[in-house]
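*Asks:* quick one: sequence and predicted model below, then my questions.
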Amino acid sequence: MRHMSGMIDRVLSGQCPGMVPIVRVFQPELVVNLAVARDIGIRIPPEFAERADQLIQ
């Protein structure tokens, strides 16, 4: 995810999307922000939360 935000930042800063190098993530990380989910009315099933690499309270 961190790589993606850097790529988005480059494009929004004016760099041509075709010139932004592609970063391949070999081990994806699942991060669930429970506070934001609660604030916007999304219920995160316990089974899904258990699979997360990181839970943000």
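*Replies:* Sure thing, it's come through.
*Asks:* from here on, just use CA atoms for contacts and neighbour counts.
*Replies:* Noted.
*Asks:* does anything pack onto the longest helix along the chain? Which helices or strands?
*Replies:* Ranked by number of residues, the top helix in the chain under DSSP state H is helix 2-12. Using 3 or more C-alpha pairs under 8 Å, 6 or more residues apart in numbering; DSSP states H and E as the contact definition, helix 2-12 packs against no other helix or strand.
*Asks:* can you list the buried residues in it?
*Replies:* Judged by neighbour count (16 or more other C-alpha atoms under 10 Å), helix 2-12 contains these buried residues: Met7.
*Asks:* so what touches the helix or strand just after it?
*Replies:* The element immediately downstream of helix 2-12 (helix or strand, assigned by DSSP states H and E) is strand 31-33. Outside of strand 31-33, the residues that reach it under the criterion C-alpha atoms under 8 Å, 6 or more residues apart in numbering are Ala49, Ala52, Asp53, Gln54, Leu55, Ile56, Gln57.
*Asks:* nearest spatial neighbour of the second one, chain-adjacent residues omitted?
*Replies:* Spatial nearest neighbour of Ala52, chain neighbours left out: Leu30 (5.0 Å); criterion: C-alpha to C-alpha, 6 or more residues apart in numbering.
*Asks:* OK, contacts around that neighbour?
*Replies:* Residues Arg51, Ala52, Asp53, Gln54 are the ones in contact with Leu30 under the rule C-alpha under 8 Å, 6+ apart.
*Asks:* where does this protein dip in pLDDT?
*Replies:* Using pLDDT under 70 as the threshold, the predicted model of the chain has low-confidence ranges 1-3.
*Asks:* try it again with 90
*Replies:* Along the chain, the parts satisfying pLDDT under 90 run over 1-8, 20-29.
*Asks:* one step back: can you put the contacts of Leu30 in TSV and add neighbour count, secondary structure and distance to Ile40?
*Replies:* Putting these into TSV (neighbours: other C-alpha atoms under 10 Å; DSSP: H, G, I helix; E, B strand; the rest coil; distance: C-alpha to C-alpha, whole Å) gives the following:
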residue	neighbour count	secondary structure	distance to Ile40
Arg51	12	helix	21
Ala52	13	coil	19
Asp53	11	coil	22
Gln54	13	strand	19
